[in-house]
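A.B. asks: Output the structure for:
(chains A and B)
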There are 2 protein chains.
Amino acid sequence: MTKETTLADSYNAAEYKIAGHGPRSVQVLKDVFDSLDGSLLSDMYGKGEVIEEFQQRMADLLGKERAVFFPSGTMAQQIALRIWCEEKGLKRVAYHPLCHLEIHEENGLKELHHIESVLLADPERLITLEDVKGLQEDISCLLLELPQREIGGQLPAYEELEAISRYCREQGIRLHLDGARLLEILPYYQRTAAEVCSLFDSVYLSVYKGIGGIAGAVLAGERSFTEASKVWKRRHGGDLISLYPYIITADHYLRQRQDKMGQYYEEAKELAAQLNACRQVSTLPQTPVSSMFHVYFNVPRAQLEPILIQVQETTGVGLIAYLNETGPSTCYSEISLGDRYAGLPKERLRHSLQELDRLLGEF
Amino acid sequence: MTKETTLADSYNAAEYKIAGHGPRSVQVLKDVFDSLDGSLLSDMYGKGEVIEEFQQRMADLLGKERAVFFPSGTMAQQIALRIWCEEKGLKRVAYHPLCHLEIHEENGLKELHHIESVLLADPERLITLEDVKGLQEDISCLLLELPQREIGGQLPAYEELEAISRYCREQGIRLHLDGARLLEILPYYQRTAAEVCSLFDSVYLSVYKGIGGIAGAVLAGERSFTEASKVWKRRHGGDLISLYPYIITADHYLRQRQDKMGQYYEEAKELAAQLNACRQVSTLPQTPVSSMFHVYFNVPRAQLEPILIQVQETTGVGLIAYLNETGPSTCYSEISLGDRYAGLPKERLRHSLQELDRLLGEF
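C.D. replies: Below is the predicted model:
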């Protein structure tokens, strides 16, 4: 039995888990709809109380004139970049080499929008003001992702961000925020969402990362921008007759979790410190700047997996559900703190990490 | 009060309605999920039991190798045409002038896919084999919509359809079915869905027309076609982390209504006959060939609206929710029969139509 157990199996079977809000099950929907009055009418192709009220609430939260609900961030962000390219009459944008558009979207930006991308900075580090100043070609828009997910959710200093924003405005370059995890970075920056968003011309926010909704995204900006985005949303096939299953859940979980981002951030720092105390283990960043970080193991994946399975099975604490190989002797996993961590007894976690440290110490 | 009441208000306030399954309210979702086990896991980016089982069921129903669930038909159909254009290396397709892609999608096919469309036939009639044979330019794909919604849901003779299919295969033209309302035409054709689909290379079906789900679409074809469609689905931003709110409801209502399409069709014919008996009223087609048809009024819209409001208010039967103007003295509305009609007492309907006839007779 143990021999056939995968890492994911042992994680899922564990009594406690360190990351996330809970399983992605139908219960996430039921917890919202079971007690809801069934006579509430659906949104209809982007219109109606359900969608309009949520969009207004998101516009207010982000300090933008308008916000539009989208089925996905992939759709919202391609559209944002297309609008800025159309405005300038130049189909070239710049972003980080590990930007979602570059590595997770099957080249949609190029195949559908014929937009060229300039990759700024090395994959391992954040984009700096110097990178932007050093651009060899004119661009319509610069996309910044905060936090930069694929390198552990790192963040630039706020002053660097302000300087990049100032420079882009001077140069007539639109600045777009990939803020999939925007709410998760506010405790570190000690700024409101509106303050951060004021540095950007357009902003995308996911409703199923820290917020924990089912799916969906919000795109915000000036009215002329969001009106154009609705036309493109229809072209993309995203102007669904009904988006309420995503909107109503997003609204519910946003209310429930908006004020807990500080707690998740503090817990991420606490957990990272404990992980860093284990032999062969380190986190990126060493001290998290949001509720997410990456945990690196200086052990080949094939040898690490049975160790993790053993720890998860014997201690009942799910630490790692999957591992990405980064080389012959290193691998990593992403950890995003959510509601689960607070329910995990500290003593159980300590015991579990002691076991991990003990087994990795023998390595 | 009456003076300010709109046509839609009086329709919504009526005790009975002739068309549809019921209001597009949250209850549509609750009726499915309230009794569902919450531990069922979400689909994840197109994978998992929930989506894979439904796709297999739809592939079987449509007699195709594979089927893929999409958030919308707009997305599914643009992608189908793109794939056939890529295959042939020719970005030109043909369809009816009132095709959904031509009039309801903000030119997505051109703006996103750079595909040129050849409009076949006059807007008022169906595409014939002669139209296809008369094409002046080579095309990659011909799209046929069955039933042709914007002209009342008309259908070609089945033999005409077979002849078009044969001709396209001979000519190396892919044939795509806009089967948004495919199930609704089977009782007229007296064929299975698989038999009709066998004439086409690719098929789209909506899950929220006759089926009455919340939103979503299915695209079916050979495996190489559907695999390519998944890549484009991701590019479009339609590969959502979770589509289960749409899939589970589609599955539920398909089971509930699949065998009722014959009933809706018979009811449509019955209702159309009664409407045609009213002065100034006619239906298109005169005898419906599916559960949908258009009802035309030989009366200017501004003068018809107060009459309809009066009938709906005094008889408690909702006949018409909105009117489209087609000229200075004619207007029409679309009627799709669903679950509601069977619950409407025949005597109430007769009384309501007598009232309508009486008031239009004075006209």
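
A.B. asks: pLDDT score for residue A:362?
C.D. replies: Residue A:362 is assigned a pLDDT of 82 by the prediction.

A.B. asks: neighbours of it, just the number please.
C.D. replies: 7 (other CB atoms under 10 Å in any protein chain shown). For every residue, glycine as well, the C-beta is placed using N, CA and C.

A.B. asks: go on, residue A:329?
C.D. replies: Residue A:329, neighbours per other CB under 10 Å, totals 14.

A.B. asks: do the same with residue A:292
C.D. replies: Count around residue A:292 with other CB under 10 Å applied: 24.

A.B. asks: can you list contacts of the lowest-mean-pLDDT helix or strand in chain A?
C.D. replies: Using mean pLDDT, DSSP states H and E, strand A:324-327 stands out as the lowest-scoring helix or strand of chain A, at a mean of 93. Identification of contacts with strand A:324-327 by CB atoms under 8 Å, 6 or more residues apart in numbering or on different chains yields A:296, A:301, A:331, A:332, A:333.

A.B. asks: Apply 6 Å and report the result again.
C.D. replies: A:301, A:331, A:332 (CB atoms under 6 Å, 6 or more residues apart in numbering or on different chains).

A.B. asks: Report the strands that pair with that strand, each with its relative direction.
C.D. replies: Strand pairing for strand A:324-327, determined by DSSP bridges: strand A:330-336 (antiparallel).

A.B. asks: Packing partners of the helix or strand that the partner strand is followed by?
C.D. replies: The element immediately downstream of strand A:330-336 (helix or strand, assigned by DSSP states H and E) is helix A:339-342. Applying 3 or more CB pairs under 6 Å, 6 or more residues apart in numbering or on different chains; DSSP states H and E, we find helix A:339-342 packed against no helix or strand.

A.B. asks: make it 8 Å
C.D. replies: For helix A:339-342, the elements it packs on are helix A:261-276, judged by 3 or more CB pairs under 8 Å, 6 or more residues apart in numbering or on different chains; DSSP states H and E.

A.B. asks: C-terminal to the helix it packs on, what's the next element?
C.D. replies: strand A:281-284.

A.B. asks: Go through whatever helix or strand comes next after that next one and flag the buried ones.
C.D. replies: The helix or strand immediately downstream of strand A:281-284 is strand A:292-297, counting by DSSP H and E. Neighbour-count burial for strand A:292-297 flags A:292, A:293, A:294, A:295, A:296, A:297 (criterion: 16 or more other CB atoms under 10 Å in any protein chain shown).

A.B. asks: can you list the residues of the stretch 1-150 of chain A near chain B?
C.D. replies: A:23-31, A:33-34, A:36-42, A:44, A:70-76, A:78, A:105-108, A:111-113 (CB under 8 Å from any CB of the partner chain).

A.B. asks: Please indicate which of the contacts of strand A:324-327 are buried?
C.D. replies: Applying 16+ other CB under 10 Å to those flags A:301, A:331, A:332 as buried.

A.B. asks: got a markdown table for those, with distance to residue A:59 and pLDDT too?
C.D. replies: A markdown table is the format used below for the buried ones among the contacts of strand A:324-327 (distance: CB to CB, whole Å; pLDDT from 0 to 100):
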| residue | distance to residue A:59 | pLDDT |
| --- | --- | --- |
| A:301 | 44 | 96 |
| A:331 | 42 | 98 |
| A:332 | 37 | 98 |
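
A.B. asks: export these to TSV and tack on distance to residue A:99?
C.D. replies: TSV is the format used below for the buried ones among the contacts of strand A:324-327 (distance: CB to CB, whole Å):
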residue	distance to residue A:99
A:301	26
A:331	23
A:332	19
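
A.B. asks: which one of these is nearest residue B:190?
C.D. replies: residue A:301 (58.8 Å; CB to CB).

A.B. asks: shouldn't that closest one be in contact with residue A:328?
C.D. replies: No. Residue A:301 lies out of contact with residue A:328 (CB atoms under 8 Å); the separation is 9.2 Å.

A.B. asks: Just the closest residue of the stretch 201-350 of chain A to chain B, please.
C.D. replies: At 2.7 Å from chain B, residue A:237 is the closest residue in the stretch 201-350 of chain A, using CB to the nearest CB.

A.B. asks: Pretty sure that residue sits against residue B:82.
C.D. replies: No. If you go by CB under 8 Å, residue A:237 and residue B:82 don't touch, sitting 11.9 Å apart.

A.B. asks: Quickly find the element holding residue A:224.
C.D. replies: Using DSSP H and E, residue A:224 falls in helix A:223-236.

A.B. asks: and the residue of the stretch 201-350 of chain A closest to chain B, what does it touch?
C.D. replies: Residue A:237 neighbours (CB under 8 Å, 6+ apart): B:70, B:71, B:72, B:73, B:74, B:75, B:76, B:78, B:105, B:108, B:236, B:238.

A.B. asks: The fourth one: what's it in contact with?
C.D. replies: Spelled out, that is residue B:73. Residue B:73 touches A:237, B:100, B:178, B:180, B:204, B:206, B:217, counting by CB under 8 Å, 6+ apart.

A.B. asks: okay, now residue A:172: neighbour count?
C.D. replies: 10.

A.B. asks: Could you measure from it over to residue B:4?
C.D. replies: Remark: distance between residue A:172 and residue B:4 (CB to CB, to the nearest Å) = 50 Å.

A.B. asks: of the buried ones among the contacts of strand A:324-327, closest to residue A:256?
C.D. replies: Using CB to CB, these come closest to residue A:256 at residue A:332, 30.0 Å.

A.B. asks: Excluding chain neighbours, give the residue nearest to that closest one in space.
C.D. replies: Of all residues beyond its chain neighbours, the one nearest residue A:332 is residue A:296 (4.6 Å), with distances taken as CB to CB, 6 or more residues apart in numbering or on different chains.

A.B. asks: you'd agree the one you found is up against residue A:334?
C.D. replies: No. Using CB under 8 Å, residue A:296 makes no contact with residue A:334, being 10.9 Å away.

A.B. asks: between the two, what contacts are shared?
C.D. replies: Between them, residue A:296 and residue A:334 share no contacting residue, judged by CB under 8 Å, 6+ apart.

A.B. asks: Spit out the contact partners of residue A:182.
C.D. replies: Counted by CB under 8 Å, 6+ apart, residue A:182 has contacts A:62, A:146, A:193, A:196, A:197, A:203, A:205.

A.B. asks: now residue A:176, which residues is it bridged with?
C.D. replies: residue A:143, residue A:202.

A.B. asks: gap between it and residue A:263?
C.D. replies: 29 Å.

A.B. asks: what about the strands in chain A?
C.D. replies: Secondary structure of chain A (DSSP state E): strands at A:16-17, A:66-70, A:92-95, A:116-119, A:141-145, A:174-178, A:202-206, A:217-221, A:281-284, A:292-297, A:317-318, A:324-327, A:330-336.
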